[in-house]
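[1] What would the 3D arrangement of this be:
(chains A and B)
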Amino acid sequence: MRKLAFFIVSVFFIMLVIPQMALAQSQKTYKIGGIFSLTGYLSWLGEYKKKAAELKVGIINKAGGINGVPLELISYDDMSSPEQASKVAQRLISKDNVVAMTGTASVPISGAVASMANRYKIPTIINSGYAVDTSKDPYLFNTSHKTDFAVITAFRYFHKKGITKLALLMPIGPLGELGSSVARKYAKEYSVTIIGEEKFDVKSPDVTTQLAKIRTMNPQAIFSFTTGEPAALIARNMEQLNIKVPFLVSHGNANPGFLKLVANIKTEMLVPSGKVMKPEALLDSDPTKKIIIDFNKSHLEKYKEPANYFSAELADAIDLIAEGLKVVGKADPIKLRDAIENIKNFPAMQGVYNFTAKDHHGTKPDDMILLTIKAGKWELPK
Amino acid sequence: MNDISHFIQFFFSGITTGSIYALIAVSLVIVYKVSQLICFAQGEFFVFGALIMTTLTQKGVPMPLAFALAIFIAVCMGAIIQQALIRPIQGSSVGALIVMTIAISIALRGLALIVWGRESHILQPFTQGEPLHILGASLQLQVLWIFGITVIVLLMIWYFFEKTSLGIAMRACAENALGARLMGINVLKAELFAWAWGAGIGALAGAVVAPLLFMQYTSGVMPMVKGFIAMSIGGLNNIAGSVMAGFLLGLVESYTIGTISSKFSDTIVFILLMVVLIFKPTGLFSKS
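    Sure, this is the predicted structure:
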């Protein structure tokens, strides 16, 4: 009987202790949660982000991790939906015990994840057009350039070229409202007049009606704050209506997928971008140049394609989390948030980051460049 | 550009979008006419038609052959799906059948994701060349193709349902399945035929419309919804009616965008649908 009791106690002991030991073993990594749109309408960019995050984690781990502790990326699909993003964020925080999160591909998805990050105090580096207000979102950082910077970059070019009459063709919804308000905010400073605004449904298969109305205003350029297929459709319809003015779109289009979409369209495109898309045009003194070229090389080796804007956002997010972890030295999310906020003069792919208590974007307008497309390649506009 | 060219451009824009809705609506009506079932997977047959044709032309297959092959593959898919998934639950409620078509739709979308990935694919227009310019307005040449093919399809369907014994038998199945069976008509065969050709015409719509769009695995959702609205406005059983309703829908959208605001285009379409459903539930263009 005693033997049996001893046996049962032993079994219980093993059952209780071994998983604990296994857990302790598994805690010898810093867990980072990745929230990517791998299915649904944003899946074309979610894939770029996931690949870059995995590559960067691999590079850091190969170089010895964070003081010997490797990073571990736990990724989930948000199915391009804010509700699903919220669910997977909850799972990452409560089940996977991540120390930080990254990813998200649109303003609503970032918003959903932001509320989880703030509630559970998990530093999260998003990468979308979501403007981080540090008083509301203290745990949120963003490696995507501010919409303001993209507009300023384009308006500087308009100013240089004497383009003063701009028409807006904005998607119905929050993204279009954001684009419109930012364009109006900076128009006067760069002597640009907004001569009219039309709206369109991103699912619409034809926008010639709106363009016909815009044509009567005789604009010198058209601006649509939209990404992917709708942007390409407007460009195609502009060509159809013989509207030969430059067409400015959002910085989310700086990727090879968009280049393919507009390959046969003659409309002159203007795409604000991070420096990642044209590193060879950068001065040697630019601190981001070598970082971009090195990462690009690894990306090309692993995935047979160069890094793009979305890859740079994620590579930087992982880099910034790693930098914060180096300072903190343990998996403490609250201290990690403070450490990331204190990062200064940190050169990465999207620019040189300088976070403050009030600025969780960390980059500046000069960290962006303006691109056009010539013969199927990204070029700087003359 | 003056007011007339403005209005012509709105018209061209309307018939461009309307042609997409019209063709999808036809493929929905064909299945409905015979099996009294709305197939929610039509949007996916649309996508498969477009993407199969795109892939084949990229591999160097001549366009007419690629077009025929895309339709043929979809016809086979429709037939297999009907035999394997619809026929075993044929006796179930309409609700169960509709849920099955939704399940098929999601499964096909998943299959398209695996085969073609997440990116958008581009199909070159059937004829290269400058758009047609009429009084300051312009129309893409592909729209003329869509128009021509829609007319041919309509004539063929009309001939089939009105003049051939199989077509008449299929109509009989829809009107009174038991009666048709008693008359020696093979109802199961008629439904197989309807599914196969419903899928085929869905694919034809996709293949002919693809040069106007940027096609990816989720591109079938919007045309499916609008095609369904066109079908409801035109009369669930009425092929010519749903084609007219498709074009009407496109034109209403375009003129609303052009003369009122883009924000109201969907609202006005749904108001139109509600008005039709309340005052003429059998459809705007039906005789009864």
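[2] mind listing the strands for the chain?
    Since no chain was named, I'll use chain A. A:30-36, A:71-77, A:100-103, A:124-126, A:140-142, A:165-171, A:193-200, A:221-223, A:247-248, A:269-274, A:346-347, A:352-353, A:368-374, A:377-379 (DSSP state E).
[3] my bad, chain B
    So, for chain B - with DSSP E - the strands run B:132-134, B:137-139.
[4] Ok, which of those comes nearest chain A?
    Closest to chain A of the strands of chain B is strand B:137-139 (C-beta to the nearest C-beta; 5.4 Å). For glycine as for every other residue, the C-beta is placed from the backbone atoms N, C-alpha and C.
[5] Pull the distance from that closest one to the chain's centre.
    Its chain's C-alpha centre and that of strand B:137-139 lie 24 Å apart, by C-alpha atoms, centre = their mean, to the nearest Å.
[6] Then stretch A:278-291?
    For stretch A:278-291, the distance to the chain centre is 20 Å (C-alpha atoms, centre = their mean).
[7] Need the pLDDT of residue B:130.
    Per-residue pLDDT puts residue B:130 at 83.
[8] how about the residues of chain A near chain B?
    Applying C-beta under 8 Å from any C-beta of the partner chain, we find that chain A lies next to chain B at A:39-41, A:43-44, A:47, A:172, A:198-201, A:203-210, A:212-213, A:215-216, A:228-229, A:232-233, A:240-242, A:257, A:260-261, A:263-264.
[9] Just the buried ones among these, please.
    Buried residues within these, counting neighbours by 16 or more other C-beta atoms under 10 Å in any protein chain shown: A:39-41, A:43-44, A:47, A:172, A:198-201, A:203-210, A:212-213, A:215, A:228-229, A:232-233, A:240-241, A:257, A:260-261.
[10] Chain neighbours aside, what residue packs nearest to residue A:48?
    The shortest distance from residue A:48 to any non-neighbouring residue, by C-beta to C-beta, 6 or more residues apart in numbering or on different chains, is to residue A:310 (4.1 Å).
[11] Enumerate every residue touching the one you found.
    A:45, A:48-49, A:52, A:127, A:255 (C-beta atoms under 8 Å, 6 or more residues apart in numbering or on different chains).
[12] and residue A:351, backbone torsions?
    Note on residue A:351: its backbone torsions stand at phi 140, psi -170 [degrees, to the nearest 10].
[13] which residues touch it?
    A:145, A:274-275, A:288, A:362-364, A:366-368 are the contacts of residue A:351 under C-beta under 8 Å, 6+ apart.
[14] Among these, which one has the most neighbours?
    residue A:274 (31 neighbours; other C-beta atoms under 10 Å in any protein chain shown).
[15] is it true that that residue touches residue A:365?
    No. Using C-beta atoms under 8 Å as the test, residue A:274 is too far from residue A:365 to be in contact (11.9 Å).
[16] quick one on the thing from earlier: any chance of the strands of chain A in TSV, with mean pLDDT too?
    Converted to TSV, the strands of chain A look like this (pLDDT from 0 to 100):
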stretch	mean pLDDT
strand A:30-36	97
strand A:71-77	96
strand A:100-103	96
strand A:124-126	97
strand A:140-142	96
strand A:165-171	96
strand A:193-200	94
strand A:221-223	97
strand A:247-248	97
strand A:269-274	95
strand A:346-347	96
strand A:352-353	96
strand A:368-374	94
strand A:377-379	92
